[in-house]
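Undergrad: test case, fold it:
(4 chains)
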Protein chains: 2
Amino acid sequence: MSKSNTKNTINAVSIDLFYKKGYFATSISDIARASGIQKASIYYHYSNKEDILYDILKTTAYDINESIDKCLTGVNSAEERLRIAIQNHVFFHIDRQKEAIISDSELRGLSVDNYKAIVKLRDEYDYKLQSIIKQGIDQGIFSNMDLKILSYAIITMCTAVCMWFNPSGRLSKEEVAQIYTDFILKGLKRGNFP
Amino acid sequence: MSKSNTKNTINAVSIDLFYKKGYFATSISDIARASGIQKASIYYHYSNKEDILYDILKTTAYDINESIDKCLTGVNSAEERLRIAIQNHVFFHIDRQKEAIISDSELRGLSVDNYKAIVKLRDEYDYKLQSIIKQGIDQGIFSNMDLKILSYAIITMCTAVCMWFNPSGRLSKEEVAQIYTDFILKGLKRGNFP
DNA sequence: GTCTATAGATGGATAGAC
DNA sequence: GTCTATCCATCTATAGAC
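TA: Numbering: from 1, shown residues only, chains lettered A, B, ... in the order given. From the prediction side, this is the model:
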């Protein structure tokens, strides 16, 4: 079920504006102007302003869940699964930088029901990453540290790439992912603490 | 130069509201109502709404700089300095949880000059942490990984405690700081990568 | 599906009395 | 220092023509 042309434009323009100015600071007039239409026309495609934000957050949360399932298919060892999952997370947050930043900072714009729906998708994703780390601890590959705290730490750290990564900067996204996986695996792996 | 009673109330109430609802979603009327005064009275103490936010962000940024200088006095070894700096960072973000969250998410509310002033204070703090890691790398205590990326990663990871820490939860702030320092030091230290 | 026009509410901020 | 009263800009959303 793909969007119409106009709806696609509104969506793309909103991603751009929410990224640049923030959700609350962006008005329906701003979106209409940048889309080349009148603001009343927006309400034909979206029922209200929040609906535009919700559409972005839902799609992003859905897509990252799909991407991790896909990239882990057929991979079995805990260490390899974690390496791949981290790389996928870093790549996603670089490739979808604007949406990732919006997802990270504009949850406040949602009313209760929509908020719950996004948090549910996010919890599902977090659970997938936690399960990999748990598998590694259970198998004795990773040392027995606090699962919840460490998975929060790892996810947060990798999510933050969307805040500072510069596509024309010193490092490629492959290099960044490599630095992260090395650091995290070294911190997690067993039997090498001095 | 301490604040008057009313100004203190406005400040405390604003920290609470910005934390709960966000800066843009909080109106001057909200602040006045929660402070028990009329909204016009706020403009006797602050020149505008942004000024209230700027006051909070400036104080928080100043205080964390002061706290790291204080806790590192007289400590020389890179490893010990990093342990103490991480603990201080975690404690600050737990003890000043609301202000830390506002600092992390409401920079958008500032106009250019104020924004630059806060970023400057923040850069000074980041530089202090980076210098410790650099010292450890130069001394051969930490392995020679990418300094910029790792210091971003470490700061972000430790900053995130303010997002999930629950004072009445499973772990004390001392325990959380310990888990973080162990994980980070293990990831950084040299010669133990399998 | 897109437009013009406007309703209706709320926002930040100021004037001036006390 | 705090109040009442008010200005004026702007915002989301709707009505109804085409």
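Undergrad: all the helices of chain A, residue numbers only.
TA: Ranges of helices within chain A are A:5-21, A:28-35, A:39-45, A:49-72, A:78-95, A:97-105, A:112-138, A:147-159, A:161-164, A:173-188, based on DSSP state H.
Undergrad: next, format the ones you listed as JSON lines and append mean neighbour count, mean pLDDT and distance to DNA strand D.
TA: (Glycine included, C-beta is placed from N, CA and C.) Formatted as JSON lines, the helices of chain A follow (neighbours: other C-beta atoms under 10 Å in any protein chain shown; pLDDT from 0 to 100; distance: least, C-beta to the nearest atom of the strand, whole Å):
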{"stretch": "helix A:5-21", "mean neighbour count": "18", "mean pLDDT": "98", "distance to DNA strand D": "10"}
{"stretch": "helix A:28-35", "mean neighbour count": "17", "mean pLDDT": "98", "distance to DNA strand D": "4"}
{"stretch": "helix A:39-45", "mean neighbour count": "15", "mean pLDDT": "98", "distance to DNA strand D": "3"}
{"stretch": "helix A:49-72", "mean neighbour count": "17", "mean pLDDT": "98", "distance to DNA strand D": "4"}
{"stretch": "helix A:78-95", "mean neighbour count": "20", "mean pLDDT": "98", "distance to DNA strand D": "27"}
{"stretch": "helix A:97-105", "mean neighbour count": "20", "mean pLDDT": "98", "distance to DNA strand D": "15"}
{"stretch": "helix A:112-138", "mean neighbour count": "15", "mean pLDDT": "98", "distance to DNA strand D": "13"}
{"stretch": "helix A:147-159", "mean neighbour count": "21", "mean pLDDT": "97", "distance to DNA strand D": "27"}
{"stretch": "helix A:161-164", "mean neighbour count": "18", "mean pLDDT": "97", "distance to DNA strand D": "24"}
{"stretch": "helix A:173-188", "mean neighbour count": "19", "mean pLDDT": "98", "distance to DNA strand D": "34"}
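Undergrad: and of these, who's closest to B:Ala160?
TA: helix A:147-159 (4.0 Å; C-beta to C-beta).
Undergrad: so that closest one, near chain B or not?
TA: Yes: applying C-beta under 8 Å from any C-beta of the partner chain, one finds helix A:147-159 in contact with chain B at A:149-150, A:152-154, A:156-157.
Undergrad: so which elements touch that helix?
TA: helix A:78-95, helix A:112-138, helix A:173-188, helix B:147-159, helix B:173-188 (3 or more C-beta pairs under 8 Å, 6 or more residues apart in numbering or on different chains; DSSP states H and E).
Undergrad: the first one to helix A:97-105, inter-axis angle?
TA: Helix A:78-95 and helix A:97-105 meet at an angle of 100 degrees, taking axes from the mean of the first three to the mean of the last three C-alpha atoms, to 10 degrees as the criterion.
Undergrad: how about the residues of chain A near chain B?
TA: Counting by C-beta under 8 Å from any C-beta, chain A sits next to chain B at A:21-22, A:24-25, A:105, A:108, A:145-146, A:149-150, A:152-154, A:156-157, A:160, A:163-164, A:171, A:176, A:179-180, A:182-184, A:186-189, A:192-194.
Undergrad: 7 Å instead, please
TA: Chain A has residues A:22, A:24-25, A:105, A:108, A:145-146, A:149-150, A:152-153, A:156-157, A:160, A:164, A:176, A:179-180, A:183-184, A:186-187, A:189, A:192-194 near chain B, with proximity defined as C-beta under 7 Å from any C-beta of the partner chain.
Undergrad: what's the farthest-apart pair in the residues of helix A:147-159 next to chain B?
TA: A:Ile149 and A:Met157 (12.4 Å).
Undergrad: so which of the helices and strands packed on helix A:147-159 is nearest B:Asp55?
TA: helix B:147-159 (21.0 Å).
Undergrad: what angle sits between the closest one and helix B:97-105?
TA: 140 degrees.
Undergrad: convert helix B:147-159 to PDB, retaining C-alpha atoms only.
TA: Extracted C-alpha coordinates of helix B:147-159, given in PDB (Å, rounded to 0.1, in the frame of the first residue of the first chain):
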ATOM      1  CA  LEU B 147      39.900   8.500  20.100                       C
ATOM      2  CA  LYS B 148      37.100  10.700  18.800                       C
ATOM      3  CA  ILE B 149      34.700   7.900  18.100                       C
ATOM      4  CA  LEU B 150      35.300   6.200  21.400                       C
ATOM      5  CA  SER B 151      35.000   9.200  23.500                       C
ATOM      6  CA  TYR B 152      31.700  10.100  21.800                       C
ATOM      7  CA  ALA B 153      30.600   6.500  22.400                       C
ATOM      8  CA  ILE B 154      31.600   6.600  26.100                       C
ATOM      9  CA  ILE B 155      30.100   9.900  26.900                       C
ATOM     10  CA  THR B 156      26.800   9.100  25.100                       C
ATOM     11  CA  MET B 157      26.500   5.700  26.900                       C
ATOM     12  CA  CYS B 158      27.100   7.300  30.300                       C
ATOM     13  CA  THR B 159      24.800  10.200  29.600                       C
END
